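>>> Quick one, fold the following:
(chains A and B)
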Amino acid sequence: MTVQARIIEATELSKTFPGGVVALDRFTLSVGRGEVVVVIGPSGSGKSTFLRCLNGLEEVDRGTVVIDGIPLDHHRKNRLLIRREVGMVFQSFNLFPHMTVRENIDLAQVRVRRKSREEAAETTMGLLRKVDIQEKADRYPHELSGGQQQRVAIARALAMNPKVMLFDEATSALDPEMIGEVLEVMRTLAAEGMTMVVVTHEMGFAREAGDRIVFMEAGRIVEEGETERFFGSPRQERTKVFLRQIL
Amino acid sequence: MNAFSRGSAPLRKAAWIDYGRFLLLVGLAVWLLALGTRGLGYPWQWYRVPAFLFSADNGIWTAGPLLRGLAVTLQISLLSLVGSLLFGLTAALLRLSSSFSARALARGYLELIRNTPLLIQIFFVYFVLSPVLDIGAFASATLALSLFEGAYAAEILRAGIVSLHRGQWEAAHSLGLGTFDTYRHVILPQAVRRVLPPLAGQAISLVKDSALVSTIAIYDLTMQGQKIVAETFLAFEIWFTVAAIYLVMTFGLSFLVRGLEKRMNGTPLHGAGGFG
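Below you'll find the model as predicted:
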C-alpha cells in the first residue's frame, strides 16, 4: 500500500481512562482509500474508543492520527477540517430532537459547508431517497422508528460528503427486525466505494461487506486479516475462541 | 385544578368539602380584618381609590398615578428580563467554558450577586456606579435588577445545558460544527425549552423584586402607592390596591407560562421552534 493510498493512519495510540482502564495500548492501524475495515472484539476492548479518537471526540494520551494527510493535533482548525471529512454514526442515533428530519440533515451543510438553503435541500432530498425515507422529511425524530432514525443519521453524516465514514455499533440499539434495513444502507455504501471503519457485532455484515477484519482486545490488535482468510482460518487461539462464542 | 371533573363520587364529595374549608378560611380572614379595623376605628374610603387609578374628564380617560406607576414597573421589569437573560446566558456559558479565567469570572459574579441583598446592590449601582457610568436612576435600577436576576437565570440555564445528553454535543462535533453553532442550533434550543418553567418563575420574582427600585426615587407602582399614602393616609385601601395589581401581573404571567407548557406537553422537544 502506497502512502497516498492510505487515508487513515493511526500510529501507536495509547489511552487510559481516569480510573485506570486501558482503552488503547500502542494501537496502530491504517486504512486504505475505499477500504471497509470491520473492527470486532469483546465489549470494553477499546473498539469504540479507537473510532472516537479518529475524529477527536476522544483525546489520545500518546500517538498520532493522520486523516487524508491532515494531522489530528491540538490545532482547532485541523480538528474541524478532519471532522468535515469524517462522518460518524452513533449507536444511539443522536439526532437533534427539536429539528425535523430535513432540518437535521440541512444544518451542517448550511453552517459548515456554507451551502445555500436550496443546494442543501436538494442534497438532503437526494440522500433521503438513497436511504429510502423521503416521505418522513418533515417528521420529528421521535415520530420515527429506531431503524428509520438511524438511516436519517447516516444521511445526515453523508450530507457532508465525507471521505470516511465511522460506524460505532450502529445497529446495537435497534430491535432485531430493524437491523436489516440499516445494514442494507451500509452495504450499499460499501459497494459504492466509501471508506468505512465499522465497529459491529454483526458477523454477517463483516463477512459480506468487510475487506479486512481487525480483532482487538484490551486495547491491542490480537489479529487482523483479509476477511475470507480471517474467518476461514484464524491464526490466534484467542480469535478462534471469540469466533466460536459469537458465531 | 380538575377536582370536579375527574374521580368517583366519594372523591368529588371530598373535593367539595375541601373547597368548603377553603371558603371558611377566607371568610375567617375577612372577618378578623373587619374586626381589627373596627377596633382601630379605621374609616374605609374605598370610593376615593378609583381617582388614583384613572380619571375621566369629558370622556377623555387619563391614567392616574397608580396606573402610571404600573407602566414604569412593567417597563423596568421587561427591560430587566431581557437584561437578566443576557447576563444569565453569558454567565452560564462562561461557567461551562474550558477557560479557567472565564469560569472564575462567572463564578465570582454569581457568588457576589447571590450572597448580597438586592437592596444593597440597587444602592451600590445607584450611588456608586451611576455617577461613574453617568447613568440615571431608571438605567441604574434596570442594571441592578438585570445583574441580580441574571445570576439566578445563569444557574437555571446551566442546569438546562448540562441536562442534555452528551451525544448531542458529539453528533454536532462529528458534523464539524463549532462551539458557537452547536450552542446556537443544537444545545440552547433544547436547553431553554427544558428550563422554561423555572425561568418563568424567575420572571415572576423579577416583577416582585422590582418594587425595591422605589427606594432610589423611581416612580414605579410601589413608589406611587407610598406617595399617595403619605398625602392621603389611605394606607389600607391603597396598599390593598397595589398588592392586588402585583397579584394580577404575576398571576397573568403564571397563566401565560402554564398555557405555554401545556402546549409543549406531549410534544416535549418541538413546537414553536424559532431557533431553527
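
>>> Poorly predicted segments of the chain, please.
With no chain named, the answer covers chain A. Applying pLDDT under 70 to chain A flags residues A:1-4.

>>> not what I meant, chain B
Counting by pLDDT under 70, the ranges of chain B that qualify are B:1-7, B:265-276.

>>> for it, what spans make up the helices?
Assigned by DSSP state H, chain B shows helices spanning B:9-40, B:50-53, B:65-96, B:100-114, B:118-123, B:130-133, B:137-162, B:166-174, B:179-181, B:188-194, B:196-209, B:221-232, B:235-264.

>>> How about A:Arg156: what's its closest non-neighbour residue?
Spatial nearest neighbour of A:Arg156, excluding adjacent residues (CB to CB, 6 or more residues apart in numbering or on different chains): A:Ile105 at 4.8 Å. (Glycine included, C-beta is placed from N, CA and C.)

>>> Flag every residue of chain A that's near chain B.
Residues of chain A lying close to chain B (CB under 8 Å from any CB of the partner chain) are A:55-57, A:80, A:83-84, A:86-88, A:90, A:92, A:94-100, A:103, A:107-108, A:111-112, A:140, A:142, A:153, A:156-157, A:160.

>>> So which of those belong to helices?
Taking DSSP H as the definition of helices, the residues of chain A next to chain B contribute A:Leu80, A:Arg83, A:Arg84, A:Glu103, A:Leu107, A:Ala108, A:Arg111, A:Ala153, A:Arg156, A:Ala157.

>>> check contacts around the residue positioned nearest the centre of chain B.
Central residue of chain B (CA atoms, centre = their mean): B:Ile204, 2.2 Å from the mean position. Residues in contact with B:Ile204, defined by CB atoms under 8 Å, 6 or more residues apart in numbering or on different chains, are B:Thr250, B:Leu253, B:Ser254.

>>> now B:Gln226
B:Ser214.

>>> what do you get for the one 10 residues further on?
B:Phe236 sits next to B:Thr37, B:Tyr42, B:Trp44 when contact means CB under 8 Å, 6+ apart.

>>> So B:Lys227 is in contact with B:Pro65, correct?
Yes: between B:Lys227 and B:Pro65 a contact is recorded at 7.0 Å, counting by CB atoms under 8 Å.

>>> Quick check: neighbours shared by the two?
Common neighbours of B:Lys227 and B:Pro65, using CB under 8 Å, 6+ apart, are B:Tyr219.

>>> ok, those two, which is more surrounded?
Counted by other CB atoms under 10 Å in any protein chain shown, B:Lys227 and B:Pro65 do not tie: B:Pro65 has more neighbours, with 19 against 16.

>>> my guess is the more buried one meets B:Met223, correct?
No: using CB under 8 Å, B:Pro65 is not in contact with B:Met223; the gap is 9.4 Å.

>>> what does the stretch 101-250 of chain B have sitting close to chain A?
Residues of the stretch 101-250 of chain B lying near chain A (CB under 8 Å from any CB): B:165, B:167-168, B:170-178, B:181, B:185-186, B:189-190, B:193.

>>> repeat that with 10 Å
Within the stretch 101-250 of chain B, the positions near chain A by CB under 10 Å from any CB of the partner chain are B:164-182, B:184-187, B:189-190, B:193.

>>> List only buried entries from the residues you listed.
Among those, those scoring as buried are B:164, B:168-177, B:181-182, B:185-187, B:189-190, B:193 (criterion: 16 or more other CB atoms under 10 Å in any protein chain shown).

>>> what ranges do the strands span in chain A?
Ranges of strands in chain A, per DSSP state E, are A:6-16, A:22-32, A:36-40, A:62-67, A:70-71, A:86-89, A:164-168, A:195-199, A:212-217, A:220-226.

>>> what's the most buried one of these?
For the strands of chain A, average neighbour numbers computed from mean count of other CB atoms under 10 Å in any protein chain shown are highest in strand A:86-89, which has a mean of 28.

>>> Quick check: neighbours of it in the sheet, parallel or antiparallel?
Partner strands and pairing direction for strand A:86-89 (DSSP bridges) are strand A:164-168 (parallel).

>>> Hey, what's the angle from the strand it pairs with to strand A:195-199? Just curious.
Comparing the axes of strand A:164-168 and strand A:195-199 via axes from the mean of the first three to the mean of the last three CA atoms, to 10 degrees yields an angle of 10 degrees.

>>> before we move on, back to that, using a markdown table, lay out the ones in helices among the residues of chain A next to chain B together with distance to A:Leu128 and neighbour count.
Output for those, formatted as a markdown table (distance: CB to CB, whole Å; neighbours: other CB atoms under 10 Å in any protein chain shown):
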| residue | distance to A:Leu128 | neighbour count |
| --- | --- | --- |
| A:Leu80 | 26 | 15 |
| A:Arg83 | 23 | 26 |
| A:Arg84 | 21 | 20 |
| A:Glu103 | 12 | 19 |
| A:Leu107 | 15 | 23 |
| A:Ala108 | 15 | 26 |
| A:Arg111 | 19 | 20 |
| A:Ala153 | 12 | 25 |
| A:Arg156 | 10 | 29 |
| A:Ala157 | 13 | 24 |
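
>>> Count the residues that sit near A:Lys163.
As a burial measure, A:Lys163 scores 18 neighbours (other CB under 10 Å).

>>> hang on, isn't it packed against A:Gly87?
Yes: if you go by CB atoms under 10 Å, A:Lys163 and A:Gly87 touch, sitting 8.8 Å apart.

>>> Need the overlap of contacts for those two.
Shared contacts of A:Lys163 and A:Gly87, defined by CB atoms under 10 Å, 6 or more residues apart in numbering or on different chains, comprise A:Met194.

>>> sorry, back to before: determine which of the strands of chain A approaches A:Leu247 most closely.
Distance to A:Leu247, taken as CB to CB, is lowest for strand A:36-40 among the strands of chain A, at 11.0 Å.

>>> Note down every partner strand of the closest one and its orientation.
Strand pairing for strand A:36-40, determined by DSSP bridges: strand A:195-199 (parallel), strand A:212-217 (parallel).

>>> Can I get those in a markdown table including distance to B:Arg21?
A markdown table is the format used below for the strands paired with strand A:36-40 (distance: least, CB to CB, whole Å):
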| stretch | distance to B:Arg21 |
| --- | --- |
| strand A:195-199 | 64 |
| strand A:212-217 | 69 |
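
>>> Out of these, which gets nearest to B:Leu145?
Nearest to B:Leu145 among the strands paired with strand A:36-40 is strand A:195-199 (52.9 Å), distances taken as CB to CB.

>>> Report the angle between that closest one and strand A:6-16.
Using the same axes, to 10 degrees: strand A:195-199 against strand A:6-16 is 30 degrees.

>>> Can I get strand A:195-199 as CSV, trimmed to CA atoms?
Below are the C-alpha coordinates for strand A:195-199, written out as CSV (Å, rounded to 0.1, in the frame of the first residue of the first chain):
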residue,chain,number,x,y,z
THR,A,195,-14.0,4.2,3.0
MET,A,196,-15.6,2.8,6.2
VAL,A,197,-14.4,1.8,9.6
VAL,A,198,-17.2,-0.3,11.2
VAL,A,199,-17.4,-1.4,14.8
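
>>> give the contact list for the residue nearest to A:Ile40 when sequence neighbours are not counted.
Once flanking residues are discounted, A:Ile40 sits nearest to A:Phe215: 5.5 Å by CB to CB, 6+ apart. The contact partners of A:Phe215, taken as CB under 10 Å, 6+ apart, are A:38-42, A:45, A:47, A:221-225, A:230, A:234, A:236, A:238-239, A:242-243.
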